[in-house]
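Trainee: fold the following.
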Amino acid sequence: NFWFYNPEEGVGENSHFPLLIFLHGQSLCGRNLNKVKRYGAIDAVSRGRYIDSYIMAPQNPGGAWNPQKIMNIVEWAEKHYNVDTTRIYVYGMSLGGFGTIDFAATYPDKVACAMAMCGGATVKNLDGLSKVPLWIVHGTADRAVPVSASDKVVEAIKATGDDSRLIYTRMPGVDHGR
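Mentor: Numbering: from 1, shown residues only. Now for the predicted structure:
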């Protein structure tokens, strides 16, 4: 299940929009899709904010995000809507930060840019991340997901010899929720 926001209602059929994928954290896992509206892009839209892109907010039933399942919904959106396939963005927090890194590492040629907050990686091969503009944000006082999880991703990107697309913001004294 996922939320899908369509900004083109009332706009010409030939308009193309970017696709923004929001991956939530563990607290929103389950089978109640309304939980996904608690924070992130769908929450912003429900509060009246107009976002000039399609937005997909899948709900993870539990466990790690599966990059292939995320790609399946991307392909669904590309098939049914005028997605600008050169502008597919993914971001997530905590478990969603892990999902963001895993998705971008698995499909670096599909991701225009990514942002992972207080996450890490579960996939083994992170080489593709050097091709993706990526902003990683993590607090040093995070007890839920240690900052070392993001440090390992950054080290893997640096090991490729090309970290020119990486921004890493290590936030001193900041915990998981902030």
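Trainee: when you work out contacts or count neighbours from here on, use the C-alpha atoms and nothing else.
Mentor: OK.
Trainee: so Val174 touches Ala141, yeah?
Mentor: Yes - if you go by Cα atoms under 8 Å, Val174 and Ala141 touch, sitting 5.1 Å apart.
Trainee: which positions within the helix or strand where Ser150 lies qualify as buried?
Mentor: Under the criterion DSSP states H and E, the helix or strand holding Ser150 is helix 147-159. The neighbour-count check on helix 147-159 (16 or more other Cα atoms under 10 Å) flags Val147, Ala149, Ser150, Asp151, Val153, Val154, Ala156, Ile157, Lys158 as buried.
Trainee: wait, the fifth one touches Val123, no?
Mentor: No - with contacts counted by Cα under 8 Å, Val153 stays clear of Val123, the gap being 10.3 Å.
Trainee: next one: the nearest residue to Leu126 once chain neighbours are set aside, what pLDDT does it get?
Mentor: Closest residue to Leu126 apart from its sequence neighbours, by Cα to Cα, 6 or more residues apart in numbering: Ala105 at 5.3 Å. With respect to pLDDT, Ala105 has a value of 98.
Trainee: wait, what's in contact with Ala105?
Mentor: Counting by Cα atoms under 8 Å, 6 or more residues apart in numbering, Ala105 touches Val123, Asn125, Leu126, Asp127, Gly128, Leu129.
Trainee: quick check: the fourth one vs Phe4, distance?
Mentor: Using Cα to Cα, to the nearest Å, Asp127 is found at 30 Å from Phe4.
Trainee: neighbour-wise, which of these two wins?
Mentor: Asp127 (18 against 15; other Cα atoms under 10 Å).
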